[in-house]
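Visitor: Got a sequence here, can you model it:
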Amino acid sequence: MDVDDDTDNLLAQALTRAPRPNEELEEFEEFWRDHYDWLKTCGYILRPRYRPGWVASWTGTDLYAPDCEDYEIPLFRYNLDAIRVLDGMAVMLRRPDPSSVSHELRIGQLLSSQDARTNPRNHCVPILETLQIPEVERHEPRNQIVVMPLLTRWDIPEFDTVGEVVDFCSQVFEGLQFMHSLNVAHNDSKDNNIMMDWFPIYEIPPHGVRTFYKSDWSGQLEPRRRTTHPVKYHFIDWNMSKQYDPAHGPPLQNPGYGGDQSVPEFKRREPCNPFKVDVYCLGNAIRGNFLVGNDVNPPRSNLEFLRDLISDMTCDDPSKRPIMDEVVSRFEEIRKGLRWWKLRSRVPSKKQSALAYILYSPIHWIRQFSYIVRRIPAIPDYTSACHSSTP
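Guide: Sure thing, here's the model as predicted:
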């Protein structure tokens, strides 16, 4: 055997021994493995990947690793899904910022107080419990874990009717109005900081990472319609949020924070009122997802009634933007002016072909007339639906 053969054999052995992607825990995942048993005593069960002694299920097999449930790693290093032992409820665990970094925990607790949780305008994800981690980590002092309901993306499945979009707008408008009434600015009210309850739409929870899959990995989720199964929408993510003292006058912040960098004040590099920025960002989220389209969602038809309000919310001059009280009031008037046939109309993509529109419309209206016969409202109402705030 020559030197080249020896080299090839050694290289092959090294490649054989090298772990494949996700076959070993990432460093940030080790925290969850190390606290698996403690979390179990607290009443929460993590996925099999985080059990002490875990070995990847595809190791030594011909299985395609991404097809295995324990291949999936968290999207965010400080978040992990779990199951509450008491009732089987799907939850999300998060290690919030320490108080030296942000007001995340304080704001979350404020928005989850008893008074706040009983307010019907509150659309902030509630904190169900706060756990104190036994040991103190000096290099990264995230020593608490907050437990929240598991939520899912607000824009999947697609909206079917104008009435479903109206319900979404009503909820997020009053949700931000509620936060502002407490002098709390979200400071990052972009579209992916809005989510929704999973349980009206899906029979079982979505997987915590591959969210179009069932949590038990038995197949893809099959969504129901929002009109027949109304959902509640929630704001999430408080690590940029802040409560301001109105006695100090209108607050001003330096520009450039948050995920939406299209804010006109940011581009002009001028101090900005965070409440006005919130109004812009929420308006821009609705504009991008429904009116003009974005990388994920195409522009939708039959929503022209939103244009004037959204245009005002995203005005270049922040002094001309309405406050959230005005947004809610104006939208309520818009809502009252929409006829039943408009509310039950489709919101198809403007890119949909004329043939597809013609072929699908009769099916849509047959379904809508069945809803009318069954007295199912054109605008979904989660508060009167036959489900509670937990599955």
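Visitor: ok, residue 304 - how many residues close by?
Guide: 8 (other C-beta atoms under 10 Å). The C-beta positions use only the backbone N, C-alpha and C, and glycine is treated the same way.
Visitor: Contacts only, for it.
Guide: Not one residue lies near residue 304 by C-beta atoms under 8 Å, 6 or more residues apart in numbering.
Visitor: where do the helices sit along the stretch 51-200 of the chain?
Guide: Assigned by DSSP state H, counting those that start in this stretch, the stretch 51-200 of the chain shows helices spanning 104-111, 114-117, 162-181.
Visitor: and these as CSV, adding mean pLDDT and mean neighbour count?
Guide: As requested, the helices of the stretch 51-200 of the chain are exported to CSV (pLDDT from 0 to 100; neighbours: other C-beta atoms under 10 Å):
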stretch, mean pLDDT, mean neighbour count
helix 104-111, 97, 20
helix 114-117, 95, 12
helix 162-181, 98, 22
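Visitor: could those helices be laid out in TSV, adding distance to residue 87?
Guide: As requested, the helices of the stretch 51-200 of the chain are exported to TSV (distance: least, C-beta to C-beta, whole Å):
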stretch	distance to residue 87
helix 104-111	22
helix 114-117	18
helix 162-181	26
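Visitor: Which among those helices is found nearest to residue 141?
Guide: helix 104-111 (12.0 Å; C-beta to C-beta).
Visitor: and stretch 334-350, C-alpha only, in PDB?
Guide: Output of stretch 334-350 as PDB, limited to C-alpha atoms (Å, rounded to 0.1, in the frame of the first residue of the first chain):
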ATOM      1  CA  ILE A 334     -64.600  51.700   8.500                       C
ATOM      2  CA  ARG A 335     -65.700  48.300   9.800                       C
ATOM      3  CA  LYS A 336     -69.300  49.500  10.300                       C
ATOM      4  CA  GLY A 337     -69.400  50.600   6.600                       C
ATOM      5  CA  LEU A 338     -68.500  47.200   5.100                       C
ATOM      6  CA  ARG A 339     -71.500  45.300   3.800                       C
ATOM      7  CA  TRP A 340     -72.000  41.600   4.300                       C
ATOM      8  CA  TRP A 341     -71.100  40.700   0.800                       C
ATOM      9  CA  LYS A 342     -67.900  42.600   1.100                       C
ATOM     10  CA  LEU A 343     -66.900  41.000   4.300                       C
ATOM     11  CA  ARG A 344     -67.500  37.500   2.900                       C
ATOM     12  CA  SER A 345     -65.600  38.300  -0.300                       C
ATOM     13  CA  ARG A 346     -62.300  36.600  -1.100                       C
ATOM     14  CA  VAL A 347     -58.900  38.200  -0.600                       C
ATOM     15  CA  PRO A 348     -57.000  36.500  -3.400                       C
ATOM     16  CA  SER A 349     -53.500  37.400  -4.500                       C
ATOM     17  CA  LYS A 350     -53.500  40.100  -7.100                       C
END
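Visitor: pull the CA atoms of stretch 274-281 into CSV?
Guide: Extracted in CSV, the C-alpha atoms of stretch 274-281 (Å, rounded to 0.1, in the frame of the first residue of the first chain):
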residue,chain,number,x,y,z
PRO,A,274,-41.4,55.7,20.1
PHE,A,275,-45.2,55.7,20.1
LYS,A,276,-45.3,57.3,16.6
VAL,A,277,-42.7,54.7,15.5
ASP,A,278,-44.9,51.9,16.8
VAL,A,279,-47.8,53.3,14.7
TYR,A,280,-45.7,53.4,11.6
CYS,A,281,-44.3,49.9,12.1
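Visitor: which intervals of the stretch 251-391 of the chain have sub-threshold pLDDT?
Guide: Scanning the stretch 251-391 of the chain for pLDDT under 70 picks out 385-391.
Visitor: which residue ranges form the strands in it?
Guide: Read by DSSP state E, counting those that start in this stretch, the stretch 251-391 of the chain holds no strands at all.
Visitor: ok, which stretches of it are helices?
Guide: Under DSSP H, counting those that start in this stretch, the stretch 251-391 of the chain gives helices at 264-268, 274-286, 307-313, 324-336, 340-343, 354-373.
Visitor: Give the other helices and strands that the third one contacts.
Guide: So that's helix 307-313. When contacts are defined as 3 or more C-beta pairs under 8 Å, 6 or more residues apart in numbering; DSSP states H and E, helix 307-313 sits against helix 274-286, helix 324-336.
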